[in-house]
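sharing a model that was predicted from the sequence below.
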Amino acid sequence: MRVLVSGGAGYVGSHVLLDLIAAGYDPIVVDDLSKGHAAAVPQGVPLAQVSLADAAALDRVFAQYKPQAVLHFAGFTEVGESVKFPDRFFRNNISNGMTLLDAMVAHEVKMLVFSSTAAVYGEPQTVPIPEDHPKSPTNPYGESKLFFEKILARYDAAYGLRSISLRYFNAAGAHPSGTIGEDHNPETHLIPIILQVALGMREQLAIFGTDYPTMDGTCVRDYVHVCDLAAAHILALRALEKGAPTDAFNLGNGQGFSVKEVLAAAEKVVGKSIPAQTAPRRAGDPAVLVAGSTRARELLGWQPRYADLHTIVETAWRWLQTHPAGYGEE
Ligand code: UD1
């Protein structure tokens, strides 16, 4: 089955491509390469360098490749940037996303898996967070994803376009082969930053806040391996093929680790101490974000294979050691 993958040259999208191929799907990537990397797309997978803002070009891709389903990863993800430039986030994540949906409607493509986020919840009232927890995003990034989920529900009611939104908690790690991994510019995520310090690419880690109401005062997150996220997309696609209704699922391991615990795990993986200093809180960071993901396990049959923090960090380390400049070095 032909599957169009928007943002397939990005971090999560590129890992999903490998699983799609292994599962016998025939992916085609649409990516404007503004954030993604052509080198992250496996050999033999067509890559259309097209922006989702370009309705005419998108129409040509749909006409040429005739996909039967879409996996939608293209979008901006950096929370701090979303606060500075909400216009860019709403335009790219909502307006351009709708251009993709309209192409789907025009070409009668009825199944979509959408890359959503834990940021739709905002500051949690209960932990672990269930899917029906109130949604009150604290930044434009989370708002853009939440609003797109609402749009998806309306497109189902009006046009019969069924979708599954997957709300990732903290995506981390890299493919165990060491061939693809995380390459953001600028990098803002905790694990790659810690490992860049270990590699001497940065002087030290700044720990954003040590006065949170957590066991050691630092923020707690639910780190989930990118290959486990990838596997969930294949399961979601299969569920849609079997007629599953529009739905949304959390993807996390249900276990939280503090910034200091992640640092300690990284020190074990790299075998040396990693310099860190305390810094002020980063605006908009909730103290604790941990997923309740029993629904994904029960309804999609999702079973994370790399739930262990050590493994998550180890795979990220393998990638960074062999690709210190990301894809730029190849
Ligand atoms: C955020 C979003 C998430 C989004 C992800 C992708 C929220 C609540 N979460 O995750 O939805 O998918 O970005 O961009 O909006 N930290 C440090 N020092 C650093 C970097 C990070 O102490 O140099 C801390 C942060 O304060 C945080 C934790 O490490 O507590 C993880 O941070 P990060 O990797 O940036 O992810 P989130 O902000 O949790």
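Sure thing, it's come through. Numbers count the residues shown, from 1 in each chain.

hmm, who's touching stretch 321-330?
Here stretch 321-330 makes contact (Cβ atoms under 8 Å, 6 or more residues apart in numbering) with 37, 39-40, 178, 181-183, 185, 199, 201. All C-beta atoms are positioned from the backbone trio N, CA, C, and that covers glycine.

of the residues you listed, buried ones?
Among those, the ones that count as buried by 16 or more other Cβ atoms under 10 Å are 37, 39-40, 181-183.

closest to residue 207 among the residues you listed?
Among the buried ones among the contacts of stretch 321-330, residue 182 lies closest to residue 207 (Cβ to Cβ), at 20.0 Å.

does that closest one touch residue 318 like I think?
No - assessed by Cβ atoms under 8 Å, residue 182 is found out of contact with residue 318, at 11.8 Å.

any common contacting residues for those two?
Common neighbours of residue 182 and residue 318 are listed as residue 174 (criterion: Cβ under 8 Å, 6+ apart).

kindly report the residues of this protein close to the ligand.
With Cβ under 6 Å from any ligand atom as the criterion, the chain meets the ligand at residues 77-79, 117-119, 139, 142, 168, 170, 188-190, 193, 205-208, 219, 221, 259, 282, 285-286, 289.

what subset of those residues is buried?
Buried residues within those, defined by neighbour count using 16+ other Cβ under 10 Å: 77-79, 117-119, 139, 142, 168, 170, 189-190, 193, 205-208, 219, 221, 259, 285-286, 289.

which element is the residue lying closest to residue 159 once chain neighbours are set aside on?
Leaving aside its chain neighbours, residue 159 sits nearest to residue 105 (5.0 Å; criterion: Cβ to Cβ, 6 or more residues apart in numbering). Assigned by DSSP states H and E, residue 105 belongs to helix 97-106.

which strands or helices does the helix or strand that that helix is followed by pack on?
Sequence order places strand 111-117 as the next helix or strand after helix 97-106, per DSSP H and E. In this structure, strand 111-117 packs against strand 69-72, helix 140-159, strand 162-168, helix 226-241, with contacts taken as 3 or more Cβ pairs under 8 Å, 6 or more residues apart in numbering; DSSP states H and E.

report the contact partners of residue 180.
Residue 180 sits next to 14-15, 18, 40, 174, 319 when contact means Cβ under 8 Å, 6+ apart.

mind checking which of those residues are in helices?
14-15, 18, 319 (DSSP state H).

for those residues, pick the one with the most neighbours.
Taking other Cβ atoms under 10 Å as the neighbour criterion, residue 14 ranks highest of these with 31 neighbours.

distance of that one from the ligand?
16 Å (Cβ to the nearest ligand atom, to the nearest Å).

how about residue 135?
Using Cβ to the nearest ligand atom, residue 135 is found at 13 Å from the ligand.

dump the residue contacts of that residue.
Contacts of residue 135 (Cβ under 8 Å, 6+ apart): 120-122, 146.

mind checking which of the residues you listed land in helices?
Using DSSP H, the contacts of residue 135 in helices are residue 146.
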